[in-house]
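Chemist: make a model of this:
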Amino acid sequence: MNVCKSTVTASDGIACRILIQNEQLQQMDTFPYLGSLNTKDGECTTEFRTRLNRRQAIRASVKKIWKSYSIPISTEIRLMKALVWPVATYGCESWNLRKNEETRLDALEMKGLGEIRLVSRTAKKTNEWVFNTPGVK
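Modeler: Numbering: from 1, shown residues only. Presented below is the predicted three-dimensional model:
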């Protein structure tokens, strides 16, 4: 084990002291692990925001597909589920979501479906109408 390359973090926020060959391992507050950002306090707000920003970038890159009339809506939705949502929800099994973060996820899903359905943000359409439209489920 290489002491110079190894770091440690405590999940409960209490500093830990681990010695290897009489050298103490460096303690980190946050560190990336398998594409996910782990923090010492176990909060996921930073990871949540990062994932949503990455989702926005992916959505922007396929915006021409959402506005295309030649591609069926069911195909566009399958593309959204295959390309956009995995980026946004990668590592979500370890997130501790609060109510406002769950609401933001639901709102972004409805926004994505609204873009596919070509529904304007100012249109008087409910989320149920967008979600229950044929081809969305």
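Chemist: run through this protein and note the low-pLDDT ranges.
Modeler: In the predicted model of the chain, residues 11-13, 42, 94, 133-137 satisfy pLDDT under 70.
Chemist: strands of that one, start to end?
Modeler: 7-8, 19-20, 23-24, 26-27, 30-33, 36-39 (DSSP state E).
Chemist: same list (those) but as CSV, adding distance to Leu97.
Modeler: (Each C-beta comes from the backbone N, C-alpha and C, glycine too.) Listed next are the strands of the chain as CSV, based on distance: least, C-beta to C-beta, whole Å:
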stretch, distance to Leu97
strand 7-8, 26
strand 19-20, 36
strand 23-24, 35
strand 26-27, 27
strand 30-33, 18
strand 36-39, 14
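Chemist: highest mean neighbour count out of these?
Modeler: Greatest average neighbour count among the strands of the chain goes to strand 36-39 (a mean of 17), per mean count of other C-beta atoms under 10 Å.
Chemist: direction included, what does it pair against?
Modeler: Applying DSSP bridges to the sheet, strand 36-39 is found paired with strand 30-33 (antiparallel).
Chemist: what's the spacing between the partner strand and its chain's center?
Modeler: 16 Å (C-alpha atoms, centre = their mean, to the nearest Å).
Chemist: contacts for stretch 108-128?
Modeler: 52, 55, 59, 63, 66-67, 73, 76-77, 80, 84, 88, 130-131, 133, 136 (C-beta atoms under 8 Å, 6 or more residues apart in numbering).
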